[in-house]
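Trainee: Show me the folded form of this:
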Amino acid sequence: MNNVNITEIIEKKIRELKITALDISFNELADMYDKNELIINPDYQRTFRWDIEKQSRFIESLLMEMPIPAIYVIELEQGIYELIDGLQRISSYLNYRGMLKKLDEVETNLVQNVESEEIEIDDEDAIITVDFAPFALQGCDIIKELNGCVFEDLQAALKIKLKRSYIRMEILRKGINPELKYHMFKRLNTGGEKLEPQEIRNCTIRLVNSKFINFINELSRNKDFIQTIAYISSSKKQKKLPEELVLRFLALKNDENGFKHDVASYLTNYMEIVSLADSSEKPIFDYDKEKDIFENTFSTLNAALGKQSFSAYKGNSENLSGFNVYQYEAITTGMQIVLEQLVDKTISVENFREKIMEIKKNKDFKSATVGGGKNSIGVFRQRVSIVRKGMEELIHELQ
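Mentor: Okay, here's the model as predicted:
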C-alpha cells in the first residue's frame, strides 16, 4: 500500500462512472418504449416472470403513490436507452396498459434500431410463462375494489394518475468504462425477481462484450447438443440451463485446473476472463477452433448415445434415466483425449459407445456422479479421471 493514494483512485473511478439521474413519468417511459427509444433486450424480457398478482400489486402501489425503487438504463448510440435493471416493474406497467410487445416484435425492432450492438437473438422455443396482454387486476390487498379492473375500466382520474406516476431513472452515459458498467450491474439489488446464474450472465456480460455470450447462445442451438440434453425439463431450458452447459463445457475444457466447488462463481469468472480479453487487444479464445471441437464432441455423443449420453444408472436399476450434470462434465471433458481419433474414425462410434456404457456401470463412477453434493474438487477430478482412463484403455484395446 506504500505511496498509493486510494482516495485519488476512488475519485477517478467515480468520474468514469458517468451517471445521470432523471425523474421520469411512466407515460414518458411507455412512449419511449413504443417508439423503440427504450429497449428491453429479449434476453431480459425472457426473465419477466411476475405473475398477475405481483403485477397487480405493483399497479396498486403506483396508484397509492408508494415509493418505487429506481430503474437503470444504459445509453446506446443515437440516444437510445437499454433497460438493465427494473424489468419486472416496467414490464408490469406496460403489460397492464396493453403495450408490452411480444418477443417477435421486440426482436425485429431491436435488429432494426440497434444494429451496431451485434445482439444475438435466441430461438423461439423458449417458454414464456407470462401472458403479454392486457389483464384485469387481481390480488390487490389494500384497495380491493381495484380487483377485476382492466386499464380501460379505470376512472379517468386514475388513468391520468397512473400515467403521471414517476420513477427515478439512473442513466449510465455513453462512454462509461465497460468494466465498471458490468460490475455495477452485477451489484445492483433493487428487490427484483431472483434469476438463475446463467440468466444473469446472459444479461450482464453484454455490458462488457457480447461476442462470447453470442457464441454460447449459438452453440446452445446445435442440433446434436440439443438431442444429447433432451431429458432437461422445459423449465430448466427457460432458465438458460442449455447455455450454462455450453459455458460449462468450454470452461472445463480450457480451464479444468481452475474448477472450484462454487461452480456458479467459477463459470462467471471464466466468462469474464474471455469477454474482457475479447474487449482488449489480446483475445485468448479461438472461436473457430472451439466451435469445431464443440460440434465434433456432440455429434459423436449423439451418434453413440443420443439422449442417453448423460443419463445415469441409479441404485440397482438396469435402465439409464434422466440428465446427470456430473456425467455431462466428466464425459465431455474426459473424452477430449480421443476426439481426433473419433473424428478420423480411427476409433469407431460403436467402440466409443461400448466404453462409455462400461464407464456408466462402473461403481466408482456411479458414486462420483449419482446423488447430490458432488461438486467438491476431489470428486470432480475422480469422475473425469475415470472417463480419461476408459478412453486410454480404448486406445490400447484398438492398437
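Trainee: Could you use CA atoms for every contact and neighbour count after this?
Mentor: OK.
Trainee: give me the low-pLDDT residue ranges for this protein?
Mentor: 1-3, 14, 16-17, 41-47, 102-133, 176-209, 399 (pLDDT under 70).
Trainee: What is the neighbour count of residue 261?
Mentor: 14 (other CA atoms under 10 Å).
Trainee: Name the helix or strand for it, please.
Mentor: Using DSSP states H and E, residue 261 sits in no helix or strand.
Trainee: Over to the one 4 residues further on?
Mentor: Secondary structure from DSSP H and E places residue 265 in helix 263-278.
Trainee: Residue 73 now?
Mentor: strand 71-75.
Trainee: Direction included, what does that strand pair up with?
Mentor: Strands adjacent to strand 71-75 in the sheet, as given by DSSP bridges, are strand 81-85 (antiparallel), strand 166-172 (parallel).
Trainee: Which positions in the longest one come out as buried?
Mentor: What that stands for is strand 166-172. 166-167, 169-172 (16 or more other CA atoms under 10 Å).
Trainee: Next, give phi and psi for residue 35.
Mentor: phi -90, psi 10 (degrees, to the nearest 10).
Trainee: Could you give the separation between the terminal residues of stretch 142-154?
Mentor: By CA to CA, to the nearest Å, the extent of stretch 142-154 from end to end equals 16 Å.
Trainee: Contacts for that stretch, please.
Mentor: 60, 96-97, 134-140, 159 (CA atoms under 8 Å, 6 or more residues apart in numbering).
Trainee: Let's see that with 7 Å instead.
Mentor: 96-97, 135-140 (CA atoms under 7 Å, 6 or more residues apart in numbering).
Trainee: Pull out the buried residues from it.
Mentor: 146-147, 150-151.
Trainee: Dump the residues you listed to CSV, plus secondary structure and distance to residue 310.
Mentor: Converted to CSV, the buried residues of stretch 142-154 look like this (DSSP: H, G, I helix; E, B strand; the rest coil; distance: CA to CA, whole Å):
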residue, secondary structure, distance to residue 310
146, helix, 50
147, coil, 48
150, coil, 48
151, helix, 49
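Trainee: Spatially, which two of those residues are the most separated?
Mentor: 147 and 151 (11.2 Å; CA to CA).
Trainee: Hmm, residue 368 is touching residue 385, no?
Mentor: No: the criterion here is CA atoms under 7 Å, and residue 368 misses it with residue 385 at 10.7 Å.
Trainee: Pick out whichever of those two has more residues nearby.
Mentor: Just comparing residue 368 and residue 385: by other CA under 10 Å the higher neighbour count belongs to residue 368, 24 against 17.
Trainee: Check for me that the more buried one belongs to a helix.
Mentor: Yes: judged by DSSP: H, G, I helix; E, B strand; the rest coil, residue 368 forms part of a helix.
Trainee: in the helix or strand just after the helix holding residue 265, what's buried?
Mentor: For helix 263-278, the following helix or strand on the C-terminal side (DSSP H and E) is helix 287-304. By neighbour count with 16+ other CA under 10 Å, helix 287-304 contains the buried residues 291, 293-304.
Trainee: now swap in stretch 326-340 and tell me
Mentor: Buried-residue list, stretch 326-340, by 16+ other CA under 10 Å: 326-336, 338-339.
Trainee: got the domain boundaries for this protein?
Mentor: 6-190, 195-399 (automatic domain parsing).
Trainee: Show me how far the last one is from its chain's centre.
Mentor: Counting by CA atoms, centre = their mean, to the nearest Å, domain 195-399 is centred 17 Å from the centre of its parent chain.
Trainee: and residue 100, which of the three is it?
Mentor: coil.
Trainee: Tell me if I'm right that it and residue 92 touch.
Mentor: No: the pair residue 100 and residue 92 does not pass the contact test of CA under 7 Å, sitting 8.5 Å apart.
Trainee: Out of the buried residues of stretch 142-154, which comes closest to residue 317?
Mentor: So of these, ranked by how close each gets to residue 317 (CA to CA), first place is residue 147, at 52.1 Å.
Trainee: In this protein, spot the helix with the most residues.
Mentor: The single longest helix within the chain, with elements called by DSSP state H, is helix 377-397.
Trainee: Using CSV, write down the CA coordinates of that one.
Mentor: Provided in CSV are the C-alpha atoms of helix 377-397 (Å, rounded to 0.1, in the frame of the first residue of the first chain):
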residue,chain,number,x,y,z
ILE,A,377,-12.7,-30.7,-6.4
GLY,A,378,-11.7,-34.2,-5.4
VAL,A,379,-14.9,-35.9,-6.6
PHE,A,380,-14.9,-33.8,-9.8
ARG,A,381,-11.3,-35.0,-10.6
GLN,A,382,-12.2,-38.6,-9.8
ARG,A,383,-15.1,-38.8,-12.3
VAL,A,384,-13.1,-37.1,-15.0
SER,A,385,-10.1,-39.4,-14.3
ILE,A,386,-12.4,-42.4,-14.7
VAL,A,387,-13.5,-41.3,-18.1
ARG,A,388,-10.0,-40.5,-19.2
LYS,A,389,-8.7,-43.9,-18.0
GLY,A,390,-11.5,-45.5,-20.0
MET,A,391,-10.5,-43.6,-23.1
GLU,A,392,-6.9,-44.6,-22.7
GLU,A,393,-8.0,-48.2,-22.4
LEU,A,394,-10.0,-47.8,-25.6
ILE,A,395,-6.9,-46.6,-27.4
HIS,A,396,-4.8,-49.5,-26.2
GLU,A,397,-7.5,-52.1,-26.9
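Trainee: how about it: buried residues?
Mentor: For helix 377-397, using 16+ other CA under 10 Å, the buried residues are 379-388, 390-391, 394.
Trainee: Leaving out the residues flanking it, which one is nearest to residue 222?
Mentor: Using CA to CA, 6 or more residues apart in numbering and skipping the chain neighbours, the partner closest in space to residue 222 is residue 295 (7.6 Å).
Trainee: I meant residue 294, not that one.
Mentor: Closest to residue 294 by CA to CA, 6+ apart is residue 219, at 7.8 Å.
Trainee: now residue 329
Mentor: residue 249 (6.9 Å).
Trainee: The strand or helix carrying the one you found packs against which elements?
Mentor: Residue 249 belongs to helix 241-254 when assigned by DSSP H and E. Under the contact definition 3 or more CA pairs under 7 Å, 6 or more residues apart in numbering; DSSP states H and E, helix 241-254 sits against helix 211-219, helix 263-278, helix 325-334.
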